[in-house]
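J.: Mind looking at a prediction? Sequence and model below.
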Amino acid sequence: MFQTLVRRYQSRIFTASFRILSNAEEAEEVVQDTFLRVHQNISKFRKDASFSSWVFKIAHNQCMDILRNRQRKRGFRLLSFDPQSNKPEPTEDGMEAYTIVSQLTDPGADPSQSLELNEQGTMVIEALKRLTDTQRTVVVLHDIEGFQYQEIAEIVGTSIGTVRSRLHYGRVKLKELLEPYFSHHNLSAVSR
């Protein structure tokens, strides 16, 4: 049974952790520590909560610990960017929200555009680095990982209103940071 849980969540936890930490070894450490803690604390899981949210909350806490330790040691933060997910997602109010990834990629793009997409990805990475840890985490969980507001609130341990606020201000800051690049390159992706 526990192996089933590991197989089900291992890849997603690694991907989310890697996007937050930008370090494969640390992300793998988060995966291992998360499943160790899940195994040790499975009896404490409240059945009224989503199991995936509980598991991701444990992983999120591990990532935040690593970021805090890293910040104390080096004084800067990193984040990765994976252009694999490129479809719009429905929001809780029925509208379509275009993720950061979908705004920067076009599944019909020809190979000659890959260099430009790589440059755009690099610009997004740099912009994401300039968000606060809390804004970056919410943006990654919602716009890249596809979690809903309620799930994010459970993962980061805050209210849905705070999640919405952090997401809003994170997106505003990203738009502010990316607008000069996209307007210079005549791209309208930021204004979606």
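T.: Structure received. Residues are numbered from 1 along each chain as shown.

J.: where does the chain dip in pLDDT?
T.: Counting by pLDDT under 70, the ranges of the chain that qualify are 73-118, 185-192.

J.: Where do the domain boundaries of it fall?
T.: Per automatic domain parsing, the structural domains of the chain span 2-74, 89-191.

J.: Adding mean neighbour count, write those domains out as TSV.
T.: The C-beta positions use only the backbone N, C-alpha and C, and glycine is treated the same way. Below are those laid out as TSV (neighbours: other Cβ atoms under 10 Å):
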stretch	mean neighbour count
domain 2-74	16
domain 89-191	16
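
J.: Do a quick rundown of the helices in this structure.
T.: 2-21, 24-41, 51-74, 100-104, 114-129, 133-139, 149-156, 160-184 (DSSP state H).

J.: Quick check: closest non-adjacent residue to the residue sitting nearest the centre point of the chain.
T.: Central residue of the chain (Cα atoms, centre = their mean): residue 140, 1.9 Å from the mean position. The shortest distance from residue 140 to any non-neighbouring residue, by Cβ to Cβ, 6 or more residues apart in numbering, is to residue 19 (5.1 Å).

J.: The residue nearest to the centre of the chain and residue 16 touch, don't they?
T.: Yes: with contact defined as Cβ atoms under 8 Å, residue 140 counts as touching residue 16 (7.0 Å).
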